[in-house]
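compute the structure for the input listed below.
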Amino acid sequence: MKNFIKLLLPLITALMLSAPTFAYSDVAANHWAAKQIEILTEQGVVVGYPDGTFQPDENVTRAEFASMAIKALGQEHTTVAQPVNFTDIEPSYWAYDAIQKALFFDLVSCPLNGEPFRPEDPVSRAESISVAVNALTTQQISLDKAKEVLAKKYSDADTIPEWFVVPAGKAEILNMIISMPSATNNIEALRPATRAEVAAILYEMRHQALLNPNAKLADAMRKKKGEGFVVKDAFVQGSIGTIPAGAIVPVYLTKYTSSQQSDAGEIYTATAAENFVTPESYILVRQGANLKGQLLDVRKGQWFVRNGVLVLDNSLITTVNDQTAEFKAVCEITKYRNRFMRIVRAVLKGEKLEATPNNMIYMKLLKPVRVDLTNGWILE
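Model prediction:
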């Protein structure tokens, strides 16, 4: 029974590590915005409620939306040198920084002196779609052209606010007017946007902004460069870097591990020993990212019987952005042997293996990892 449990433990551990993090009880797999909600949840852009629900039909406040938009664009760490004063927001307000960043990146218009931001009001569909369009560099269109484009599809096009006509026209040209399946022929500009609609709008905004950001975002979203361990076969396409399967990367384990004292199935953690970078010096994974997995195979070294075996199976990585993603890799701990020692260990077995927090080990990636080089997000 003891041996059976020992064999079963790695399987149970693997299942626990690979269990999906996305599981909202009120968002079915066939929900029209399930994909967008899942991806943005994994990226920390949107969050659920403590009871495990997402409440997709509830509203979103203007402050919440500003915070979500900045996170979706990967700009939550940007510093704004000259904040704008509001009559209804103090610097201590939880979303103050996000709102300032939304202004800085021209996602929302700077209010006139004395005009409130109304952070607790629900964000309307017009406001949320406008923010998405403002994040982009778009072709200029006239008011008449925008009206013409909208009138072809939406029965309520002539009722939308004048300020929203051009942004709505641009959004329609870019296929960015997100509507629930039950309202495909109406823009419903002034209706509060639901959480599901907001997720879909932000998902599309993020995708478009990676391709064609506005001027300020373009500067902030440049691919980040730095020094570190060069992943030789890594390659870059646009703003996306890929660490291919078979790539080797250096890590440090966070605790002592050995073939003599550790057990198969044990959970281990490790950290990236230095930045992982492409041959062009673009940063793929920043130093300090945390890795997690289990000891896949552990066998003690015994005199005249066998050399020690110590194999690590990595499952996850948590980046410095606090994003947890799949990072399938394996590492077999070995000792350097010259020709003489190879002969000795082939005849006189009993070698013991260990890895200490101060010793670098190398992991071999089993699956490719794609990274947004502008902000370090791992794309899944």
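
hey, let's count contacts and neighbours off CA atoms from now on
Fine.

what about residue 109, which SS state?
Secondary structure, DSSP: H, G, I helix; E, B strand; the rest coil: residue 109 is coil.

and it, how far is that from residue 100?
From residue 109 across to residue 100, the span is 11 Å (CA to CA, to the nearest Å).

with neighbour numbers in mind, choose between the two.
Taking neighbours as other CA atoms under 10 Å, residue 109 and residue 100 compare with residue 100 leading, 23 against 12.

wait, that one touches residue 85, no?
No: assessed by CA atoms under 8 Å, residue 100 is found out of contact with residue 85, at 9.2 Å.

and stretch 188-201, how far apart are its ends?
End-to-end for stretch 188-201, by CA to CA: 14 Å.

state the mean pLDDT of that stretch.
Model confidence over stretch 188-201 averages 96 on the pLDDT scale.

also stretch 24-40?
What stretch 24-40 shows for mean pLDDT is 94.

do the same with stretch 148-161
Mean pLDDT, stretch 148-161: 95.

tell me who's in contact with residue 324.
By CA atoms under 8 Å, 6 or more residues apart in numbering, residue 324 lies in contact with 42, 316-318.

kindly recompute the last result at 6 Å.
By CA atoms under 6 Å, 6 or more residues apart in numbering, residue 324 lies in contact with 317-318.

intersection of neighbour lists for residue 100 and residue 85?
Contacts common to residue 100 and residue 85, judged by CA under 6 Å, 6+ apart, are absent.

so, low pLDDT: which residues of the chain?
Counting by pLDDT under 70, the low-confidence segments of the chain come to 1-22, 112-114, 337, 341-342, 344-347.

which one is the residue positioned nearest the centre of it nearest to, not counting chain neighbours?
For the chain, residue 43 is the residue whose C-alpha lies nearest the centre (CA atoms, centre = their mean; 3.6 Å). Computed as CA to CA, 6 or more residues apart in numbering, the closest residue to residue 43 that is not its neighbour in sequence is residue 323, at 6.1 Å.

separation between the one you found and residue 206?
16 Å.

these two: who's more crowded?
Higher neighbour count among residue 323 and residue 206: residue 206, with 22 against 15, using other CA under 10 Å.

can you give me the distance of the residue nearest to the centre of the chain to residue 222?
Distance from residue 43 to residue 222, by CA to CA: 19 Å.

got it, and residue 370?
Separation of residue 370 from residue 222 (CA to CA): 17 Å.

same deal with residue 172?
Residue 172 is 27 Å from residue 222, where distance means CA to CA.

between those two, who's got more neighbours?
residue 172 (16 against 13).

assign a three-state SS to that one, would you?
Assigned by three-state DSSP, the conformation of residue 172 is helix.

quick one, what contacts it?
Neighbours of residue 172 in contact, by CA under 6 Å, 6+ apart: none.

what do you get for residue 239?
Counted by CA under 6 Å, 6+ apart, residue 239 has contacts 372-373.

swap in 7 Å and give it another go.
By CA atoms under 7 Å, 6 or more residues apart in numbering, the residues touching residue 239 are 223, 372-374.

cool, residue 296 as well?
264-265, 311-313.

repeat that with 10 Å
10-11, 14, 263-267, 309-314, 330-332 (CA atoms under 10 Å, 6 or more residues apart in numbering).

could you flag which of these are buried?
Among those, those buried by neighbour count (16 or more other CA atoms under 10 Å) are 10, 14, 263-267, 309-314, 330-332.

which residues in the stretch 201-350 of the chain form strands?
Secondary structure of the stretch 201-350 of the chain (DSSP state E, counting those that start in this stretch): strands located at 229-230, 235-237, 240-243, 248-253, 257-258, 267-272, 276-277, 283-285, 290-299, 309-318, 324-332.

domain ranges for this protein?
With domains defined by automatic domain parsing, the chain comprises 20-220, 229-379.

quick one: classify the nearest residue to residue 241 once chain neighbours are set aside as helix, strand or coil.
Using CA to CA, 6+ apart and skipping residues adjacent in sequence, the residue nearest residue 241 is residue 371, 5.1 Å away. The three-state assignment at residue 371 reads strand, by three-state DSSP.

contacts only, for residue 371.
So residue 371 contacts 236, 239-243, 283-285, 377-380 (CA under 10 Å, 6+ apart).

do you know how far it is from residue 234?
Residue 371 is 11 Å from residue 234, by CA to CA.

what of residue 272?
16 Å.

repeat for residue 254
According to CA to CA, residue 254 and residue 234 sit 26 Å apart.

comparing those two, which shows the higher neighbour count?
Between residue 254 and residue 234, counted using other CA under 10 Å, the more crowded position is residue 234 (22 against 16).

got the contact list for that one?
Shown in contact with residue 234 (CA under 10 Å, 6+ apart): 241-245, 247, 276-280, 282, 284, 368-370.

hmm, 6 Å instead?
By CA under 6 Å, 6+ apart, the neighbours of residue 234 are 242-243, 278.

now those residues: which count as buried?
242-243, 278.

pull out the buried positions in stretch 128-147.
Buried-residue list, stretch 128-147, by 16+ other CA under 10 Å: 128-138, 146-147.

which pair of those spans the longest distance?
Pairwise distances across those peak at 21.5 Å for 135 and 147 (criterion: CA to CA).

one step back: distance of the residue nearest to the centre of the chain relative to residue 318?
11 Å.
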